[in-house]
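[1] Got a predicted model here, sequence first, then my questions.
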Amino acid sequence: MAVSQNQIAKLTGFSRSTVSRALANHPLISAQTKKE
């Protein structure tokens, strides 16, 4: 079963939008946030 962005958001405490941006390598997401 694939992991959804919503599941990642719940586990990390980040919003689904932040998870989506991190996965898309958005420039506004810091390297630290991407690492977490």
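    Great, that's in hand.
[2] Off-centre distance for stretch 10-21?
    Computed by CA atoms, centre = their mean, to the nearest Å, the separation of stretch 10-21 from the middle of its chain amounts to 4 Å.
[3] again but with stretch 28-36, I slipped
    Using CA atoms, centre = their mean, the offset of stretch 28-36 from its chain centre is 9 Å.
[4] got the contact list for Lys34?
    Residues near Lys34 by CB atoms under 8 Å, 6 or more residues apart in numbering: Ala22, Asn25. (Glycine included, C-beta is placed from N, CA and C.)
[5] For the helix or strand where it lies, list the C-alpha coordinates in CSV.
    Under the criterion of DSSP states H and E, Lys34 resides in helix 31-35. Extracted as CSV, the C-alpha positions of helix 31-35 are listed here (Å, rounded to 0.1, in the frame of the first residue of the first chain):
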residue,chain,number,x,y,z
ALA,A,31,16.3,22.0,3.7
GLN,A,32,15.7,21.2,7.3
THR,A,33,11.9,20.8,6.7
LYS,A,34,12.6,18.5,3.8
LYS,A,35,15.0,16.5,5.9
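[6] ok, which stretches of the chain are strands?
    Taking DSSP state E, the chain contains no strands at all.
[7] Lowest-scoring secondary structure element of it by mean pLDDT?
    None of the helices or strands of the chain scores lower by mean pLDDT, DSSP states H and E than helix 31-35, at a mean of 88.
[8] count of residues packed around the closest residue to Arg16 other than its chain neighbours?
    Nearest residue to Arg16 in three dimensions, chain neighbours excluded: Ala9, at 4.5 Å (CB to CB, 6 or more residues apart in numbering). The tally of other residues near Ala9 (other CB atoms under 10 Å) stands at 16.
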